[in-house]
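S.K.: I'll drop the sequence and a predicted model, then ask my questions.
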Number of protein chains: 4
Amino acid sequence: MPRKTAKTARKPPLQARSVATVTAILDATVRVLEKEGPDAATTTRIAAVAGVSVGTLYQYFSHLDAIVDALLDREFDRAIAMMSEVLSEGNLARSPRESVTAVMRGLMSIYLAHPGLHRVLAMEALRIAEADRVRAFDLRVIAIASHFLAATGTAVRRLDVNSAAFVVFQSVRATMLAYLLERPPGISEAALIDELVDMLLRYLIDDAWLAKTPPVTQLPFLPSKKRVRS
Amino acid sequence: MPRKTAKTARKPPLQARSVATVTAILDATVRVLEKEGPDAATTTRIAAVAGVSVGTLYQYFSHLDAIVDALLDREFDRAIAMMSEVLSEGNLARSPRESVTAVMRGLMSIYLAHPGLHRVLAMEALRIAEADRVRAFDLRVIAIASHFLAATGTAVRRLDVNSAAFVVFQSVRATMLAYLLERPPGISEAALIDELVDMLLRYLIDDAWLAKTPPVTQLPFLPSKKRVRS
Amino acid sequence: MPRKTAKTARKPPLQARSVATVTAILDATVRVLEKEGPDAATTTRIAAVAGVSVGTLYQYFSHLDAIVDALLDREFDRAIAMMSEVLSEGNLARSPRESVTAVMRGLMSIYLAHPGLHRVLAMEALRIAEADRVRAFDLRVIAIASHFLAATGTAVRRLDVNSAAFVVFQSVRATMLAYLLERPPGISEAALIDELVDMLLRYLIDDAWLAKTPPVTQLPFLPSKKRVRS
Amino acid sequence: MPRKTAKTARKPPLQARSVATVTAILDATVRVLEKEGPDAATTTRIAAVAGVSVGTLYQYFSHLDAIVDALLDREFDRAIAMMSEVLSEGNLARSPRESVTAVMRGLMSIYLAHPGLHRVLAMEALRIAEADRVRAFDLRVIAIASHFLAATGTAVRRLDVNSAAFVVFQSVRATMLAYLLERPPGISEAALIDELVDMLLRYLIDDAWLAKTPPVTQLPFLPSKKRVRS
DNA sequence: GATGAATGAGAATTCATTCAT
DNA sequence: CATGAATGAATTCTCATTCAT
């Protein structure tokens, strides 16, 4: 994704009819990102893969960046949809651990579907601190989560939901993405999810509530026997 | 940090007598990054600010990327030094919460010193999944932490230290960096640190041990009435 | 007025029933030129402002240049009409100075109405040496002027009317346009017109005839002492 | 001379040594302008003709426009040098008519040397009202002229030298340029110069002074019979 | 006739890297 | 060793013009 200067204006696609073309361009971008890497994602290449001319590409996206933005929105929407589904009425019976695990798995599969894309999206997030976009996403997540928590009567440990949302969003995104990109040997996907779930549950949910469900079998790591002493 | 071609593999900085020049170049890069932004950090500009010619710059760094690598190492060293200090013999008496808080504050100040640099380092981490480098850092941190934990007899909840280190590293880096770059309104620096500390403590440390120190005054947030208790 | 290729020869506007559309396009062009500058005057923008589609625009004008040509003709017509009026039967009693002043004022007001347009027209005149068009205009002006001169019996100093017309046309156009575009400080509109009038009168009209009307109160400028006298 | 957006900064050539390269670029631009026309004067073409790479071109000129600016300055300098020469001490004995004629011939030969260049310079003058540049030139001309006028004791008719300089500059430039570009049939170069000289002399110089030198043999043109009467 | 989506050649500009001095 | 002028591949983006609907 070669970058020059980051211009301001971000025109939305002009016509409603040509959603097909817009989709083609977005999909082509993802395809290039996944198969050829960020450096290959030039306007010319994207247009070629999308089967349109550069001119057409620019008819719908005023900048190369605008494409990335659109993709970010699309992925955010995807994540929101997944969470709505997972935390919907039909799943109120699940334990917090089950629910959070389901969400983590959902997220992981979203990242897994297009790791190269999310790599670029994360880089973009660093390039231009996209506070507003992320904030909007956070708010949507908070709304969904709050609704679910209220419905299940789950007790939350955090005082400041906004801070918690911020911390959780950044932590989960970075961890999952780094995992998918680096594939650290010795850590399975399931194990990573377990770690995240455990971290989040204990960070977010009240102990009393957590106690209601069978605790994970996490055993102490160090020092083994000669424990604590005190 | 304008990028063209990722070119060949990244070589380490050439062995060089003139440490002064190398330092000058590294410092110049940081200065440019902080004051003029990533886009201004061209080889020519860096050389100019460092007071040397481009040619000389290439005498010491085979790639532009090599400079970034060197800076990453330098910052990692800085972090390690800080942790060694904070978790040293002299501080064994501290409670886990105090220790973790001290580490978080140390990290925050490292990021705070050069946010622009760390922004680029984080981007670089995404650009080329630098598994090995991060892994090496993690190992050093684990060593320091293990030592400290053993010395204080602290009980750890995690089974797999490597996974935990991975999760913690990514979570803390991403959260702090995003915080510094976005400066989300309504979240103070101290509050963010508290959140991270709380998350990490409960993720990492055994409840029994935590209980030994005054618990944080986190109050439940939601749902309001039909609260937990029962 | 962005230009790519000068392409083929310039065709005249296609014969069109819908004078309204043609006018709309011409007016839109002027509006864009005045309010958004030459660079904004793209076919798409002009069409948009005119309230038609690009396709329609091309129905009436084979080139973007054809629009400019049409506008040039329109402005020439406007100038001719103004001169005919000013130098008409009803104004034979005026002194040469009065007449020329009236013409200059008329021209100035034509330029003043659309300076941005005339800027482009002048540039176009340089881009493609539009000898024929200008020549035709000159001839019309000469006809009008000759008629007026004969009717008033004014004695002309020039031997070669064509050369004089050429010189006068270029001088007046360039001076007025530069004046309007640069607005040189310290020169009022009236002053500029006086200068031009004085220059033209003395260039064109016989001294004896000029003497008949009160001379301008131009005072000598230099050298100070050994002044000319009388 | 394809144009996109007119950026601001105009860096002067960096090094003094490489004057040769700068000159090569300027000369190449002129050559392209003269032989291939304005549309061919792209950065790539100019660089090629100059025998350097585009990169080098941009090392010395931050914009394509900067080249044009440099050429404008060069031509202005050329004109000033010519006038200094023509109106120098050695030529004080000449009559006003002779002097002005000499200047006009000098100018004509400057335009004649590179009509294509001056065409572009004039267009540029319209594109961005370059008031300051022209003003600076005018001042230099005024200085030279004033000196000469004082030395010869010539009486000037104009009250406002600045206005006069403005009018004269624009009139002469436009007329000569249009002449060279259009080559209107029936007007010889000498004739055009005579016209300009006559116009300027009568516009600028006091009649008494003009009378000192044999008047031009301009005969009345119209109306034929009822002539003015001597 | 009108529409406006699609086209694509082509222009400006950047910057990592080399190498003759 | 240091210098910094030269390189040129590569990229983004524009806009006149066409043509299927």
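M.R.: That came through fine. Not measured: the values here are computed from a predicted model.
S.K.: Now for A:Cys35, which secondary structure element holds it?
M.R.: To be clear, residue A:35 is Lys; Cys isn't right here. In this structure, A:Lys35 is located in helix A:19-36 according to DSSP states H and E.
S.K.: That helix: which residues count as buried?
M.R.: Along helix A:19-36, the positions that meet the burial threshold by neighbour count (16 or more other CB atoms under 10 Å in any protein chain shown) are A:Thr21, A:Val22, A:Ala24, A:Ile25, A:Leu26, A:Ala28, A:Thr29, A:Val30, A:Arg31, A:Val32, A:Leu33. Backbone N, C-alpha and C define where each C-beta goes, glycine included.
S.K.: The fifth one contacts A:Leu72, correct?
M.R.: Meaning A:Leu26. No: here A:Leu26 does not reach A:Leu72: they are 10.8 Å apart, not a contact under CB atoms under 8 Å.
S.K.: Using PDB, write down the CA coordinates of stretch A:102-113.
M.R.: Presented in PDB, the C-alpha positions along stretch A:102-113 are these (Å, rounded to 0.1, in the frame of the first residue of the first chain):
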ATOM      1  CA  ALA A 102     -18.000 -17.400  21.200                       C
ATOM      2  CA  VAL A 103     -17.200 -13.700  20.500                       C
ATOM      3  CA  MET A 104     -13.400 -14.400  20.500                       C
ATOM      4  CA  ARG A 105     -13.900 -17.200  18.100                       C
ATOM      5  CA  GLY A 106     -16.000 -15.000  15.900                       C
ATOM      6  CA  LEU A 107     -13.400 -12.300  15.900                       C
ATOM      7  CA  MET A 108     -10.600 -14.800  15.200                       C
ATOM      8  CA  SER A 109     -12.500 -16.100  12.200                       C
ATOM      9  CA  ILE A 110     -13.000 -12.600  10.900                       C
ATOM     10  CA  TYR A 111      -9.300 -11.900  11.200                       C
ATOM     11  CA  LEU A 112      -8.500 -15.400   9.900                       C
ATOM     12  CA  ALA A 113     -10.500 -14.800   6.800                       C
END
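S.K.: Identify each buried residue in it, please.
M.R.: For stretch A:102-113, by 16+ other CB under 10 Å, it's A:Ala102, A:Val103, A:Met104, A:Arg105, A:Gly106, A:Leu107, A:Met108, A:Ile110, A:Tyr111.
S.K.: how far out from the middle of the chain is the helix or strand hosting the fourth one?
M.R.: Yep, that's A:Arg105 we're talking about. Using DSSP H and E, the element containing A:Arg105 is helix A:96-113. Averaged C-alpha coordinates place helix A:96-113 at 10 Å from its chain's average position (CA atoms, centre = their mean, to the nearest Å).
S.K.: Can you give me every residue that contacts A:Tyr58?
M.R.: Residues near A:Tyr58 by CB atoms under 8 Å, 6 or more residues apart in numbering or on different chains: A:Thr43.
S.K.: ok, 10 Å please
M.R.: Under the criterion of CB atoms under 10 Å, 6 or more residues apart in numbering or on different chains, the contact list for A:Tyr58 reads A:Lys11, A:Thr43, A:Ala47, A:Leu64, A:Ala66.
S.K.: One more: A:Ala48?
M.R.: The neighbours of A:Ala48, taking CB under 10 Å, 6+ apart as the test, are A:Ala28, A:Val32, A:Thr42, A:Val54, A:Leu57.
S.K.: about what we covered before: show the average pLDDT along the helix holding A:Arg105.
M.R.: Helix A:96-113 carries an average pLDDT of 96.
S.K.: what angle do that helix and helix A:19-36 make?
M.R.: Using axes from the mean of the first three to the mean of the last three CA atoms, to 10 degrees, the direction of helix A:96-113 lies 90 degrees away from that of helix A:19-36.
S.K.: Tell me if the helix holding A:Lys35 is near DNA strand F.
M.R.: No: using CB under 7 Å from any atom of the strand, helix A:19-36 stays clear of DNA strand F, with a minimum separation of 10.5 Å.
S.K.: Alpha carbons only: can I get that helix in PDB?
M.R.: Only the C-alpha atoms of helix A:19-36 are listed here, as PDB (Å, rounded to 0.1, in the frame of the first residue of the first chain):
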ATOM      1  CA  VAL A  19     -22.700  -1.000  -5.800                       C
ATOM      2  CA  ALA A  20     -21.400  -3.900  -7.900                       C
ATOM      3  CA  THR A  21     -18.400  -2.000  -9.100                       C
ATOM      4  CA  VAL A  22     -17.600  -0.700  -5.600                       C
ATOM      5  CA  THR A  23     -17.800  -4.300  -4.300                       C
ATOM      6  CA  ALA A  24     -15.600  -5.500  -7.100                       C
ATOM      7  CA  ILE A  25     -13.000  -2.900  -6.100                       C
ATOM      8  CA  LEU A  26     -13.100  -3.700  -2.500                       C
ATOM      9  CA  ASP A  27     -12.900  -7.400  -3.100                       C
ATOM     10  CA  ALA A  28     -10.000  -6.900  -5.500                       C
ATOM     11  CA  THR A  29      -8.200  -4.900  -2.900                       C
ATOM     12  CA  VAL A  30      -8.600  -7.700  -0.300                       C
ATOM     13  CA  ARG A  31      -7.500 -10.300  -2.900                       C
ATOM     14  CA  VAL A  32      -4.400  -8.300  -3.800                       C
ATOM     15  CA  LEU A  33      -3.600  -7.700  -0.100                       C
ATOM     16  CA  GLU A  34      -3.900 -11.400   0.700                       C
ATOM     17  CA  LYS A  35      -2.100 -12.800  -2.300                       C
ATOM     18  CA  GLU A  36       0.400 -10.200  -3.200                       C
END
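S.K.: Perfect, that will be all.
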